[in-house]
Each structure stands twice: as structure tokens, then as C-alpha cells.
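Chemist: model the following, please.
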Amino acid sequence: MDDIRANNDISGRTLNELLQSRFRVSLKTSTLYKMRTLTLKEINGGHDESYGYLPGYVEMVKQTNQRSVAICAWEAEDSIERPLTFTSIFISFRAKISGFVNGCRCLIGVEGAHVKGQYGGTLLSAIALDGNNQLFPIAWAIYILKDSGRGDDWTIISDRQKGIEIALNELWPTAGRRYCCKHLSANWKKKYLGPLMYALFWRAANATSLFKFKKDMEAIDDANRTAREWLADIGDQSRWTKYAFDHNVSCDENKTNFVESFNATLGVDRCKPVLTLLEGIRRITMVRMATRKEKSENWIDIDLCPNIVKRVKSLISDSRTCKAFNSGDGFYEIKDGNPPCL
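Modeler: Numbering: from 1, shown residues only. Okay, the predicted model is just below:
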């Protein structure tokens with residue numbers, strides 16, 4: 001039990017090696033996996049029991065964290081044995097809401113990850129970037145997939161999952177939108193093969209001016225005319241190429257890597273019962289925020305955060321040989337000190 005508690009994902013082969021070294025015996029791998037399942041149930045509780053605790057968990061969150069948002073939803077079933085079935089739970093603590101509104105960039109990353117439990121489902125995380133360009137978890141939810149607002153000042157970046165698209169269009173239609181270019185490029189590669197087309201896509205996606213974007217699109221047109229039509233079908237250019245992003249957001253992220261990195265920190269917790277998973281997320285975010293607050297109290301320069309200072313210094317260094325030529329209306333032609341190239 002101690003070995004499985006230390007590593008919930010321990011393999012049957014490793015367990016057999018432990019048995020062999022300690023007791024000179026071995027068992028079938030299938031038997032060991034059954035034993036691991038029973039042990040994990042003993043340690044973490046059962047999945048069935050865990051769902052039954054969720055209503056009480058929601059009430060506890062609201063009682064102990066005033067002005068936090070905690071919602072648990074159930075669906076009626078035509079069954080005497082099971083009158084209600086869990087559909088979703090949403091958690092956002094008051095400190096997260098306050099920190100998000102007062103200290104984060106106007107970009108929200110939304111990403112789903114599979115819950116590896118007995119009943120499956122999806123863990124949906126909403127992550128922002130703070131003034132130091134570090135992850136700031138806002139809220140998280142777990143929902144079970146079935147067959148079947150306002151937000152003028154915020155921008156949502158996500159992949160084009162059907163469930164996310166439907167929810168945003170219905171509940172937050174006025175929020176700005178961005179698509180994760182990493183997911184777009186994966187679909188692009190399936191249709192347009194070869195490293196050239198892949199490179200052309202990223203050149204267009206990362207273009208920071210209209211002039212460069214037009215040049216990149218012309219290159220795509222020359223390589224494959226249908227590729228330009230594929231990009232047009234995605235939607236407005238402000239959803240996937242940097243030059244068209246809303247400058248008021250003050251963030252040029254075009255990938256959801258920062259959300260995925262948060263989901264990756266959960267690791268094996270996604271295999272645990274739902275209540276244990278929720279408590280694991282709460283504890284991870286609590287420690288993250290407390291540790292970050294302690295470090296920020298020692299900052300000397302209060303005008304810019306340390307990560308931003310490093311970025312500005314890097315940009316200054318990279319642009320030290322550049323010259324700017326005024327072309328009118330706030331536009332400049334930039335020439336660096338390197339020899340011109342084709």
C-alpha cells in the first residue's frame with residue numbers, strides 16, 4: 001500500500017519486481033493491476049462515493065470562501081435507483097476572481113483534458129496570464145459529455161472543440177476570440193503535406209504587420225491555391241494571425257500552451273476520484289499563488305515585473321542595430337544593420 005500510495009500509476013511489472021526482491025514470489029500482471037485498483041480505492045475512496053460528496057463540497061466552498069463561485073449540476077433520470085445523474089461542477093474561488101480582474105491580461109485560455117476515472121468526463125481549465133507573464137488559474141470545471149453573458153472586454157483563446165465553440169457562442173457571444181494555432185497547424189498538416197507548407201502557415205500566423213501578412217499569404221497562394229481558401233474558412237483573421245489581434249489585450253499569444261502546461265501539473269491526479277481531483281487542483285493553485293506572493297514582496301523595481309524586464313532588455317539588445325524611418329501616420333520603415341537579403 002505504501003508503494004502504491006507513493007506512486008498511484010505504478011506498473012504491474014514494477015510491483016512484480018518489488019514482490020520478487022522482498023518475498024521471492026511473483027504474480028500475474030492482471031492480478032497485480034486488480035490489486036492496485038482495490039488499493040487505490042482504499043487510499044482515495046471510490047469513484048461512486050466521490051460524486052455523492054460533491055453537493056456538500058460545493059456548500060463547504062461557499063461557506064468557507066465567501067463570494068466564491070461553486071456550482072454543481074445534476075440531471076434527472078427516469079430511474080428509481082438513480083433519480084439524479086451528475087453532469088458538471090464549476091469552481092472559482094474569490095481570490096482567483098479578484099486577482100484575475102485586477103492583475104491579469106485580458107486573455108483567457110480555455111483547454112480540456114480527459115478525466116481518467118471510471119466515468120470519464122472532461123476537466124476544463126480557464127487560465128490567464130498575469131503581469132509577469134505567469135500562469136494564473138481562474139476557474140476549473142468537470143463535466144460529462146452528452147449526446148445532445150456578456151464579455152466585451154475579454155478575449156478567449158482555445159482550440160476549436162465543438163463543446164467550447166457552442167458554449168462561447170451561446171453564453172459569451174460578444175467576447176473576443178482566438179484560435180490555438182498549434183491545433184490549427186495539426187489540421188493544416190493533414191491536408192497540406194510537407195515542411196514548406198508547415199513553415200508558410202506559421203509565417204502567416206506569426207506575422208506582426210499587414211505588409212508581412214500579405215507577403216506570406218501570397219507565398220501560400222503560389223504554393224497551393226486551395227490553402228488560402230482553407231485559411232479563409234477558419235473565420236476572421238483576428239482569430240488566428242498576430243497582426244490582426246486586438247492591441248488592447250496587450251498579449252500576442254496564439255497558442256494554448258500555457259493552459260496545457262497547467263493541466264500537465266495535475267498528472268496522475270486525473271486518475272483519482274472526482275473529489276480528490278478537485279482538492280488536488282485547489283491545493284496546487286493555493287501553493288502556487290502563496291509562493292508567488294511571497295516572492296513578489298521582495299521585488300525592488302515596482303514599475304515592471306521581472307520577466308517583463310528581461311523581455312524588454314532582450315528586445316533592446318536585438319534592436320540595437322536597427323534604424324527607424326518615418327513613413328507617416330505613425331508607421332515606420334525599420335532597417336537593421338545586417339546586409340539586405342532576398
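Chemist: so Met1 touches Ile43, yeah?
Modeler: Yes: under the criterion of CB atoms under 8 Å, Met1 lies in contact with Ile43, with a separation of 7.1 Å. Where you see a C-beta, it was placed from the backbone N, CA and C, and this is true even at glycine.
Chemist: tally of neighbours for Arg282?
Modeler: Neighbour count for Arg282, taken as other CB atoms under 10 Å: 16.
Chemist: which element, helix or strand, includes it?
Modeler: Taking DSSP states H and E as the definition, Arg282 sits inside helix 274-296.
Chemist: buried set for that helix?
Modeler: For helix 274-296, the neighbour count (16 or more other CB atoms under 10 Å) marks Val274, Leu275, Thr276, Leu277, Leu278, Gly280, Ile281, Arg282, Ile284, Thr285, Arg288, Met289 as buried.
Chemist: wait, doesn't Thr39 sit right on Asp3?
Modeler: No: with contact defined as CB under 8 Å, Thr39 and Asp3 do not form a contacting pair (9.2 Å).
Chemist: and this protein, what are its domain boundaries?
Modeler: Recorded structural domains for the chain (assignment: automatic domain parsing) are 2-44, 45-179+256-309, 181-254.
Chemist: counting neighbours, go ahead and name the busier of Met1 and Ile43.
Modeler: Just comparing Met1 and Ile43: by other CB under 10 Å the higher neighbour count belongs to Ile43, 13 against 10.
Chemist: that one falls within a strand, correct?
Modeler: No: in this structure, Ile43 is helix, not part of a strand, as judged by DSSP: H, G, I helix; E, B strand; the rest coil.
Chemist: ok, the nearest residue to it once chain neighbours are set aside to Val25 distance?
Modeler: Spatially, and ignoring its direct neighbours in sequence, Ile43 is nearest to Arg5 (5.5 Å; CB to CB, 6 or more residues apart in numbering). The spacing between Arg5 and Val25, counted by CB to CB, to the nearest Å, is 21 Å.
Chemist: look at those two and report which has more neighbours.
Modeler: When Arg5 and Val25 are compared on other CB under 10 Å, the one with more neighbours turns out to be Arg5, at 13 against 8.
Chemist: which SSE is the more buried one in?
Modeler: Here Arg5 sits within helix 2-6, counting by DSSP H and E.
Chemist: so how many other residues sit close to Phe258?
Modeler: Neighbour count for Phe258, taken as other CB under 10 Å: 19.
Chemist: apart from its chain neighbours, what residue comes closest to Phe201?
Modeler: Phe201 sits nearest to Trp188 (CB to CB, 6+ apart), 5.1 Å away.
Chemist: that should have said Ser88, apologies.
Modeler: Distances taken as CB to CB, 6+ apart place Tyr143 nearest to Ser88, at 3.7 Å, with adjacent residues excluded.
Chemist: just checking, that neighbour touches Gly121?
Modeler: Yes: between Tyr143 and Gly121 there is a contact at 6.2 Å, judged by CB under 8 Å.
Chemist: and the helices in the stretch 151-300 of the chain?
Modeler: The residue ranges that make up the helices of the stretch 151-300 of the chain, judged by DSSP state H, counting those that start in this stretch, are 162-171, 181-191, 195-205, 210-223, 225-234, 257-266, 274-296.
Chemist: sorry, back to before: what residues does the residue nearest to Phe201 make contact with?
Modeler: Applying CB atoms under 8 Å, 6 or more residues apart in numbering to Trp188 gives the contacts Met197, Tyr198, Phe201, Ala227, Trp230.
Chemist: tell me the contacts of Arg320?
Modeler: Under the criterion of CB under 8 Å, 6+ apart, the contact list for Arg320 is empty.
Chemist: err, Ile281, not the other one
Modeler: Residues Ile91, Pro137, Trp140, Leu266, Asp269 are the ones in contact with Ile281 under the rule CB under 8 Å, 6+ apart.
Chemist: ok, back up a step: farthest pair within the contacts of Trp188?
Modeler: Greatest spatial distance among the contacts of Trp188 (CB to CB): Tyr198 and Trp230, at 13.4 Å.
Chemist: need the residues touching each of the two.
Modeler: Taking CB under 8 Å, 6+ apart as the contact rule, Tyr198 and Trp230 both touch Trp188, Tyr192.
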